[in-house]
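Colleague: Quick one: sequence plus predicted model below, questions after.
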Number of protein chains: 2
Amino acid sequence: MVANTPTPSRAVVEHLVRQAVYQRMGKPLPTAASAPNPLVVNVRSRHCHLTPDAVEQLFGKGHRLTVRQWLYQEGQFAAEETVTLAGPRNRAISNLRILGPCRNLNQVELAGADAIALGLEIPLRRSGNTQGAPGCRLLGPAGFFELAEGVIRAERHAHMHPKDAEFYGVKAGDFMKLRLGGECGLVLERLLCRVDPAFKLEIHIDTDEGNACNLQPDTPCELFK
Amino acid sequence: MVANTPTPSRAVVEHLVRQAVYQRMGKPLPTAASAPNPLVVNVRSRHCHLTPDAVEQLFGKGHRLTVRQWLYQEGQFAAEETVTLAGPRNRAISNLRILGPCRNLNQVELAGADAIALGLEIPLRRSGNTQGAPGCRLLGPAGFFELAEGVIRAERHAHMHPKDAEFYGVKAGDFMKLRLGGECGLVLERLLCRVDPAFKLEIHIDTDEGNACNLQPDTPCELFK
C-alpha cells in the first residue's frame, strides 16, 4: 500500500509550516493561515465516472477498476483503465481516464476545448445533473458502451467540509470567487460550494481554466466571497 | 473588395444602438455607453507573424500573402496561407495561420494548451519581445524555415486609441482588468494596455482564456482598472 500513499499536496505542507511558524513566533495567524484546512486547487482534466455495468461492458464480465493514483478526496482514485470517447463527426478522444470508485450514474466531464475539438455542444452542469446533456459512445478493450446522455462541462466548484464552509461563511449551493495569481492571474467567479462532512477542502477547475492562468504548484490562491 | 468588407462586430452595433436609444430618450449615457468606442473582445487563436524572407522560404520566391479575412485592427488580416509548426519530440501543429501584413520579426503566438501539446515551455511575453524564447521549425509548401527564437504566449492585452486610454484613465504599459460574465464568468487581471493612434479599442485574449469563460458574442464584458 506504500506505493499508493499520495505525496502530500504542496498547499497542505505550506499550511502546516505557516501555522507552526506563526505559533512559534507567538504572533496571531493571518486570516488565510487560520483556516481550518489548507486551500488546495487542482486541475481536473477530462475524465468519466462509470457504473459497474458500463465497466463490465467495456472491460469484460466481472472486471473491477484498478487504482492507479489516489486523489485528494478520500477514497477517490484515478483508475488504470481508460476508454476512447467517440463523438459526432468521427472525432474521438483517446485515453479518457476513468475515476473510481464506480457510481450509479455515467458521466463524462470535458473541458470547453475538448468539446470544441469533438464538435459537441455541452452544457455547464454540476456533477450528477446530466439530464438532456449530449451522449457519446465509449470504447474499451471488451466492447463499447452507448452513453445516451451525460457529457457535460463540470461547473467549477469547491469541495468543502462543514468547518470550511463555516470559516468562509458560505453554505452548500453558494458561489464564491477564486483568485489565482501570477503574471497571467485571474479571478474565477461563480465557483460553486459543495459541502459534505466527507469532503476535504479542494477546488476543482478544468484544463482551460488552469491553462488560462498557467496554474503552477506555487501559484498564489485566494478564496473569497 | 466587397467580399473583404468585414461584418461589423456585434459590440460595435450594440454600442451605436445604445448611444442612439439613450439620446432619443433624452437620458444621460451610462458610463460604459459614453465611452468613445465600443468594447470589442476577440479571441486570438494561435498564429504567426513572418518577415517577407520567411514567407519566400516557405512559399517560394516572390510569394506575397493573400488576404483571407480582414481583422478588426485597420490593415491587419488573416492570410490564406498556413504553415505546419514542428516542435520538439516530433510533435506538430498543422494549419498555423499567418497574420499579415509581414513584419520585420518572426513570432509564433501559442496558447498554453498548444505549448503543453507540443511539449514546449514558452514564456509569457508582449508582442515583439521574443529574445530567448524557444524556436521551432516551420514547414510550408516550398520549404522550411528555422525559427531560432520567437515562440511565445502573448500577454493578454488591450489595443487602445489615445482617446480610449484617456476615457479609462490609463497609459501605455498599465494593466487593467476585464470581467467576462456568464455562467462561468471570470475576471482577467494583468491585461496590458497598448496605446497607439492607429489602434481601435480591442481586447485580445487567447483560446484558453476564451474557453475558460465560454466567450460568446453576447457575453457581457466590462473593462476596468
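Modeller: That came through, no problem. Small disclaimer: the values here were computed from a predicted structure and weren't measured.

Colleague: Tell me the helices and strands packed up against the biggest helix by length in chain A.
Modeller: Longest helix in chain A by number of residues, with DSSP state H as the criterion: helix A:10-25. Here helix A:10-25 touches strand A:40-44, going by 3 or more CB pairs under 8 Å, 6 or more residues apart in numbering or on different chains; DSSP states H and E. (Each C-beta comes from the backbone N, C-alpha and C, glycine too.)

Colleague: Kindly calculate the angle that the strand it packs on makes with helix A:10-25.
Modeller: 180 degrees (axes from the mean of the first three to the mean of the last three CA atoms, to 10 degrees).

Colleague: Check which element follows strand A:40-44 along the chain.
Modeller: Following strand A:40-44 in sequence order, the next helix or strand is strand A:47-49 (DSSP states H and E).

Colleague: Quick check: next helix or strand after that following strand?
Modeller: helix A:52-59.

Colleague: residues in contact with residue A:156?
Modeller: Applying CB atoms under 8 Å, 6 or more residues apart in numbering or on different chains, we find residue A:156 in contact with A:178, A:188, A:190, A:191, A:192, A:203, A:204, A:205, A:206, A:209, B:184.

Colleague: What residue, apart from its backbone neighbours, is nearest the first one spatially?
Modeller: Yep, that's residue A:178 we're talking about. Spatial nearest neighbour of residue A:178, chain neighbours left out: residue A:188 (4.6 Å); criterion: CB to CB, 6 or more residues apart in numbering or on different chains.

Colleague: Would you mind listing the residues in contact with that neighbour?
Modeller: Contacts of residue A:188 (CB under 8 Å, 6+ apart): A:156, A:177, A:178, A:180, A:205, A:209, B:186, B:212.

Colleague: now residue A:139
Modeller: A:58, A:83, A:84, A:85, A:86.

Colleague: element containing it?
Modeller: Going by DSSP H and E, residue A:139 is part of strand A:136-140.

Colleague: Now, the contacts of residue A:139 that are in helices?
Modeller: Per DSSP H, those map to helices at residue A:58.

Colleague: Report the secondary structure element holding residue A:190.
Modeller: Per DSSP H and E: residue A:190 is located in strand A:186-195.

Colleague: again, but for residue A:113
Modeller: helix A:112-118.

Colleague: where's that helix relative to the chain centroid, distance-wise?
Modeller: Chain-centre distance of helix A:112-118: 18 Å, with CA atoms, centre = their mean, to the nearest Å.

Colleague: What of stretch A:91-109?
Modeller: With CA atoms, centre = their mean as the basis, stretch A:91-109 stands 12 Å off its chain's centre.

Colleague: And for the nearest residue to residue A:99 once chain neighbours are set aside, the neighbour number?
Modeller: If the residues on either side of it in the chain are set aside, residue A:99 comes closest to residue A:47, at 5.0 Å by CB to CB, 6+ apart. The local packing of residue A:47 (other CB atoms under 10 Å in any protein chain shown) involves 17 other residues.

Colleague: how close does residue A:47 sit to chain B?
Modeller: Going from residue A:47 to chain B by CB to the nearest CB, to the nearest Å gives 17 Å.

Colleague: where does chain A dip in pLDDT?
Modeller: Scanning chain A for pLDDT under 70 picks out A:1-6.

Colleague: before we move on, back to that, for ChimeraX, what selects the buried ones among the contacts of residue A:139?
Modeller: Here is the ChimeraX command that selects the buried residues among the contacts of residue A:139 (16 or more other CB atoms under 10 Å in any protein chain shown):
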select /A:58,83,85,86
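
Colleague: Quick one: the contacts of residue A:139 as a markdown table, columns for distance to residue B:169 too.
Modeller: Below are the contacts of residue A:139 laid out as a markdown table (distance: CB to CB, whole Å):
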| residue | distance to residue B:169 |
| --- | --- |
| A:58 | 58 |
| A:83 | 53 |
| A:84 | 53 |
| A:85 | 48 |
| A:86 | 52 |
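
Colleague: that older thread, among the contacts of residue A:188, which one lies nearest to residue B:127?
Modeller: Comparing the contacts of residue A:188 against residue B:127 with CB to CB places residue B:212 closest, at 21.5 Å.

Colleague: Pop out the phi and psi values for that closest one.
Modeller: The phi and psi values for residue B:212, taken as degrees, to the nearest 10, are phi -60, psi -30.

Colleague: And for residue A:151, nearest residue in space, chain neighbours not counted?
Modeller: residue A:108 (4.5 Å).

Colleague: what lines up beside the helix or strand harbouring the one you found in the sheet?
Modeller: According to DSSP H and E, residue A:108 maps onto strand A:107-109. When pairing is defined by DSSP bridges, strand A:107-109 lines up against strand A:47-49 (antiparallel), strand A:151-154 (parallel).

Colleague: neighbouring contacts of the first one?
Modeller: Counting by CB under 8 Å, 6+ apart, the neighbours of strand A:47-49 from elsewhere in the structure are A:78, A:83, A:85, A:96-99, A:102-103, A:105-109, A:138.

Colleague: Most neighbours among these, please name it.
Modeller: Within the contacts of strand A:47-49, most neighbours by other CB under 10 Å means residue A:108, with 28 neighbours.

Colleague: Any idea what that residue is bridged to?
Modeller: Counting by DSSP bridges, the residues bridging with residue A:108 are residue A:48, residue A:151.

Colleague: Look up how far residue B:24 lies from it.
Modeller: Using CB to CB, to the nearest Å, residue A:108 is found at 50 Å from residue B:24.

Colleague: Then residue A:30?
Modeller: Counting by CB to CB - residue A:30 and residue B:24 are separated by 54 Å.

Colleague: Equivalent analysis for residue A:78, please.
Modeller: Taking CB to CB, one finds residue A:78 at 60 Å from residue B:24.

Colleague: now swap in residue A:171 and tell me
Modeller: Noted for residue A:171: a distance of 46 Å to residue B:24, by CB to CB.

Colleague: Between those two, tell me which one has more neighbours.
Modeller: Taking other CB under 10 Å, residue A:171 and residue B:24 do not tie; residue A:171 has more neighbours (12 against 8).

Colleague: On the three-state scheme, that one is what?
Modeller: coil (DSSP: H, G, I helix; E, B strand; the rest coil).

Colleague: Could I get the contacting residues of the residue nearest to residue A:151?
Modeller: Per CB under 8 Å, 6+ apart, neighbours of residue A:108: A:46, A:47, A:48, A:85, A:96, A:136, A:138, A:147, A:150, A:151, A:152.
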